[in-house]
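1. Mind folding the following:
(one chain, ligands or ions: 1)
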Amino acid sequence: MLVRVLHGILALALVAFSTTSLAAKISAEDYQRVVNEAYRMFKDVDEGANADYIPILATVPSNLFGVAIVTRDGEVYAAGELDYEFSIQSVSKPFTASLIMQQQGPRTLREKIGVEPTGLPFNSKIAVEIYEERSVNPMVNAGAIAAVSLVEADSEKERWKQVLGNIEDYAGRDLKVLEDVYDSEYETAWGNRAIANLLFNYGRLYSEPEQALRVYTRQCSIGINTLDLAMMGATLANEGINPKTGKRVLAKEHIPELLAIMATAGFYDESGEWMYRAGLPAKTGVGGGIIAVVPGKFAIATFSPPLNPAGNSVRGLRAIGHIAAELGVGLYGPNAGE
Ligand code: GLN
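-> Numbering: from 1, shown residues only. This is a model prediction of the structure:
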């Protein structure tokens, strides 16, 4: 009996010890150390290539590399290239999905767009044909074009104003479109135009297709830097309130649904591999940006243009995997990060 009691006390003590160490606050030194480490370890990685199907993206210097953490209290830890403005591209997608949730609720998002991962590349037209939801989920091009078309607006100008305003609220500052990126993408947007028309054909686009295509392309051409991305992610980590401005951008109760879509589809057909590596909801873009969110704690953002074949930044995904592993913040327990 006594042995049993002692055993019980020991077990309780162990649980208490492990919960305290899990809950232990990560120190400023640790945040800065892992950011510096990730920058140093991966800055010379020479794999992948800039996106070139949007011609101007091929001209962005491939060696640029920035790594940043912003905590839910707005503390910033960063290394490398922090000021260079690149196009947000698909990192914009969860934020416009958030606008739809904020305006119309998560149910509309699920019913009018969808929430299943496609297991197919981000610009897949086959996904539109084979899945009954057509747009499938807001992290791929089809779902993101559908999201833009769902924004409540009477005119294209109003639609754009809302899309931009929402992303500015997440970043906590005024942002501009990189017009040369917009021109380069819009002039070559035949695939996305096909997707918009297909969705419209199936009754799954909610505005005139060319208008949705233009607003979507402008959204993808918004210029941001590494710190902006980290602040946007930190707003999600801070339950929908921007830590810099104090403005609420998304209702707290919608954060879990948004992060769930990022976890299952944020890396497109590489989302399984990503969750295996880092265990964090995240979103990537072909401009080279990535945001990952540690719910309730902080966000990690990276910028590095060379992409792997799935369209995800090679240095970025390694850097975030390393940081997540070092800090032991994977959602399902500490991941190996490799
Ligand atoms: N604007 C890009 C496109 O539509 C976004 C794709 C991406 O970042 N994965 O192709």
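2. C-alpha only now, for contacts and for neighbours.
-> Noted.
3. check whether stretch 202-210 contacts the ligand.
-> No - Stretch 202-210 lies apart from the ligand when judged by C-alpha under 6 Å from any ligand atom; the minimum separation is 13.7 Å.
4. what's in contact with that stretch?
-> Stretch 202-210 is touched from outside by 112-113, 133-135, 145-146, 149-150, 193, 196-197, 199-200, with contacts defined as C-alpha atoms under 8 Å, 6 or more residues apart in numbering.
5. next one: stretch 292-303
-> By C-alpha under 8 Å, 6+ apart, stretch 292-303 touches 64-72, 81, 225-227, 229-231, 233-234, 236-239, 280-283, 288-291, 313, 316, 319-320, 329-331.
6. what comes up buried for that stretch?
-> Across stretch 292-303, burial judged by 16 or more other C-alpha atoms under 10 Å covers 292, 293, 294, 295, 297, 298, 299, 300, 301, 302, 303.
7. May I have the beta-bridge partners of the third one?
-> Beta bridges link residue 294 to residue 298, judged by DSSP bridges.
8. coming back round to it: turn the buried residues of stretch 292-303 into CSV, including distance to the ligand and pLDDT.
-> Below are those laid out as CSV (distance: C-alpha to the nearest ligand atom, whole Å; pLDDT from 0 to 100):
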residue, distance to the ligand, pLDDT
292, 15, 98
293, 18, 98
294, 22, 98
295, 23, 98
297, 26, 98
298, 23, 98
299, 19, 98
300, 18, 98
301, 15, 98
302, 14, 98
303, 13, 98
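9. Need those in a markdown table (columns: distance to residue 256).
-> Formatted as a markdown table, the buried residues of stretch 292-303 follow (distance: C-alpha to C-alpha, whole Å):
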| residue | distance to residue 256 |
| --- | --- |
| 292 | 14 |
| 293 | 11 |
| 294 | 12 |
| 295 | 9 |
| 297 | 14 |
| 298 | 15 |
| 299 | 15 |
| 300 | 18 |
| 301 | 19 |
| 302 | 23 |
| 303 | 25 |
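10. Looking at the residues you listed, which is nearest residue 251?
-> Each of the buried residues of stretch 292-303 was checked against residue 251 using C-alpha to C-alpha; the closest is residue 295, at 14.4 Å.
11. which SS state does the residue nearest the centre of the chain fall under?
-> Centroid check for the chain by C-alpha atoms, centre = their mean gives residue 283 as the closest residue, at 2.5 Å. Three-state assignment for residue 283 (DSSP: H, G, I helix; E, B strand; the rest coil): strand.
12. all strands for this structure, in order.
-> 66-71, 76-80, 86-87, 223-224, 282-284, 289-294, 298-303 (DSSP state E).
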